[in-house]
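A.B. asks: Quick check, what structure comes out for this input:
(2 chains)
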Amino acid sequence: MDIPDCEDATSALNLFKVTTIQSGHTVLLRLPSGETKGFKVEKDATVSIGRVGSFRANELIGHPYGLTYEIRGKELTIQPPHTLQEVEETDATNELINDGEFVQPLTLGEIEGLKKSGVHASDIIKAQIEQHANYSMKTEYSKEKYKQRKEAKYSKTFSTVEPTIYNVCDHWFKKDQNRIRDIRPDTLSQILNLANVRPGGRYIVVDEASGLLVSAILERLGGEGRLISICDVDSPPAYPVMTLMNFRKDVVTNIHSSLNWATAQEDYTPAVAQESSSEVGKSERHKIRLDKRKNAADTLLNAREELFAGEYDALLIASDYDPLEILQNLILYVAGSGSIVVQSPFSQPLAELQSKLRLDPSYLAPSITESWLRRYQVLPGRTHPTMNTSGSGGFLLHAIKVYDDPNASKVSSHRQSKRRKKEADGDSSVPQTLESFETAELEEEDATVVDQATLLVLTDDTTVVQQVTQ
Amino acid sequence: MWSNARDIAAGDLVIIWQTRELIQPLLITPGKDLNSRFGYYRHADLVGIPYGSKVGSRNGKGFIHVLRPTPELWTMALPHRTQILYLADIAFITSWLDIKRGSSVIEAGTGSGSFSHSVARTIGSAGHLWSYEFHEARANKAREEFSLHGMADIVTLTHRNVCKDGFTVDDTVDAVFLDLPAPWDAIEHAKKALKKTSPARICCFSPCMEQVLRTVNALNDSGFTDITMFETLLRPHEVHQISPQPLTQAVEKLKKLEQKREDKRQHQIARSSKRKRDDLPETDTDNVGGKRLRTQESAEEDVGIRDIPNAVVDPGQSASQPLLIKMPVSKVSPDVRGHTSYLTFARLVPTAPSSVTIRE
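C.D. replies: Residues are numbered from 1 along each chain as shown, chains lettered A, B, ... in the order given. Predicted coordinates for the structure are as follows:
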């Protein structure tokens, strides 16, 4: 990929990601309908955007992301930023407005004719408005909405969308949220913060969300730090989300290593024996092949050694495999006080996981959260939450890895020994009922004491209460 | 920012986790002690142990966990001087504003530094944060903290009223975050400070809708585009174990209850007829006893099925007492935050390269 000289030389991001459109980039375009779509921008090629038109890719190369363009012929002209106009207040209502076939009388044929003769979209819309039976009766807001709908249909403008992890996640969430496990941008941002993802950090990720987590972590690392991803396929999986991020490949290879579940086991040995390429009598092609294999084997060895050396800042999991098994496999490699973040589109697997982790002294405060997000349309006189919204952004479980000290006594055992002593002395002032457990004991994240919330519920279920009072 | 070493050293700032509600910062100072609800600890005992260790108290009164500070833990532990930002808002704002390694960011006002710590962590030493606070004492306290936490290279704190006097940089930052009572007064200043040749973004954080509407107008008048607004909240879940009881158990218990009542009634009849035969007078005590018995009976009748304890499962028992299955289930906690603030976002479109024609 060519990096033009016009780039800001002081930007640290030069190392990792370019801030202008380059040949070879897959660029997100926002179409008049509001939809975002990815298009490959290759030098000297043509980019074709369906109904909106087509243009030469070279027109975009070198431009900063985020501009709006209009297609005229095969050329692009930049449109100045469009701000909102004040819309007048109105007394109009829809009392007398009747919908029907003949409200907008321009036929499809007539409209196609206008388009073909090169009439500008705004003039087509004007023609429609002039002939519209009800237009003058509409409220000003309704007129605005009508104009915008028509613009979405006939306009030949589009914008480029900067491939920030927010925009890319948002694009994928709208297009195909199942493939990213319902990870909505707000949830993704929480994953990154909970896992303390930062430049220079070191992370392990199990990403079955089409590479969304890998992309997000790489973005935040900015070329500085380490990421090991573990997958269930032979060679590194195609992480389709990464295509839109337009990372510099050489930088990514330096920070990102990949292992699969077999090669991530400490007792794994490769099935194929290594041949030496230095033996005499081998063809050049054979030697190249062997060198390639040796490089791959070395890369694998290095990745394994690095993983087993541990002390990773966090472990991030978005996988359909049993999270408890994944944790059992990888928790050793997470540093003390490191974060564990497990994502699921469903709450039940996390509830099950939490109920098990709660009893394990290696996990501090396993907690489940769900993110709520509401977007508002903010237009003069028309401010309200958007009519369409997302029902769910998935669920997260967060815990902190800790080192247990089996000798550290819990408060309850201290109090129990006190109570036993008191009873032995004939002191009946210590009550025998469940309520004698004080809140402090209940709040302890102790291996054998269930937490307060559960205890309060358990008093309704008398079978389990008996077990607790033992 | 904070220590990256594996083990705790003297002079480190650590986070002491006692309970979910009791999380505090501690500066490790050998010679000093920590006295808490969970016992007594010596700072010196914490030196040399790995971060993340569970430590028992010296007097056996419980334990604590000693953690490495992160901005998330700091947000939970920091001393509040003002209302602070929490995880959901911080994370979402950071993401929408595309704050990442190397970003240049402006924040006004600094407040208690919750957002500041998160931004400093995310941008790293390759980025910079200009933070402004108009309250002198708070500005000084924040500056102290930034210094103590190793952030002084990344964060420049200025005591200044940005609405009146603007910012201290021009055409420099990728993102501006305004947490002010009247952000519309700072919009024009923000525009000056933002970069003009690459994508730039702004976020205004306001609790009231009236503030949002004024802010939107100001953003629009200044030429910002893509103005939008969000609110975001975290819904914590709590996990319970439930054991759905089989109905057949209820049926059995009710039948037994009815039988017991009938047996008691028969017993009563037998007793009173015996008394009649023995020619004993009906005394008041009998009546009282009868009344007492009756109230006991009616009390028993009022006893709910759930109050009768289940017998411990005995494998020798009949099939009417099956093993109860425990299910872990979760539900949203009853205590949820209802509102923090509205997040108003907008973009400043970069100036096109001069080689390209712009439509008039």
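A.B. asks: Mind listing residues that contact stretch A:306-317?
C.D. replies: Contact with stretch A:306-317 is made by A:191, A:195-197, A:201-207, A:213, A:217, A:226, A:228, A:257, A:259, A:264, A:266, A:323, A:326-327, A:330-335, A:338-343, B:6, as judged by C-beta atoms under 8 Å, 6 or more residues apart in numbering or on different chains. No exception for glycine: its C-beta is placed from N, CA and C like everyone else's.
A.B. asks: and the helix or strand harbouring residue A:294, which residues are buried?
C.D. replies: Applying DSSP states H and E as the criterion places residue A:294 in helix A:284-309. By 16 or more other C-beta atoms under 10 Å in any protein chain shown, the buried positions in helix A:284-309 come out as A:290, A:300, A:303, A:304, A:306, A:307.
A.B. asks: model confidence over it, on average?
C.D. replies: Averaging pLDDT along helix A:284-309 gives 92.
A.B. asks: any idea which helix or strand comes after it?
C.D. replies: Helix A:284-309 is succeeded, C-terminally, by strand A:312-318 (DSSP H and E).
A.B. asks: so what strands line up beside that next one?
C.D. replies: strand A:202-207 (parallel), strand A:334-344 (parallel) (DSSP bridges).
A.B. asks: pLDDT on stretch B:211-220, on average?
C.D. replies: Here the average pLDDT along stretch B:211-220 is 96.
A.B. asks: swap that for stretch B:172-183, please
C.D. replies: 97.
A.B. asks: same deal with stretch A:69-78?
C.D. replies: Stretch A:69-78 comes out at a mean pLDDT of 85.
A.B. asks: Can you classify residue B:164 as helix, strand or coil?
C.D. replies: Three-state call for residue B:164 (DSSP: H, G, I helix; E, B strand; the rest coil): helix.
A.B. asks: Enumerate every residue touching it.
C.D. replies: By C-beta under 8 Å, 6+ apart, the residues touching residue B:164 are residue B:185.
A.B. asks: ditto for the one 5 residues further on
C.D. replies: By C-beta under 8 Å, 6+ apart, residue B:169 lies in contact with B:106, B:130, B:193.
A.B. asks: swap in residue A:337?
C.D. replies: Contacts of residue A:337 (C-beta under 8 Å, 6+ apart): A:400, A:401, A:402, B:51, B:52, B:67, B:68.
A.B. asks: If we ignore the residues flanking it in sequence, what's nearest the first one?
C.D. replies: Spatial nearest neighbour of residue A:400, excluding adjacent residues (C-beta to C-beta, 6 or more residues apart in numbering or on different chains): residue A:364 at 4.3 Å.
A.B. asks: Pretty sure the one you found sits against residue B:17.
C.D. replies: Yes: counting by C-beta atoms under 8 Å, residue B:17 is a contact partner of residue A:364 at 6.6 Å.
A.B. asks: intersection of neighbour lists for the two?
C.D. replies: A:400, B:65, B:67.
A.B. asks: out of the buried residues of helix A:284-309, who's nearest residue A:43?
C.D. replies: The closest of the buried residues of helix A:284-309 to residue A:43 turns out to be residue A:303 (C-beta to C-beta; 34.9 Å).
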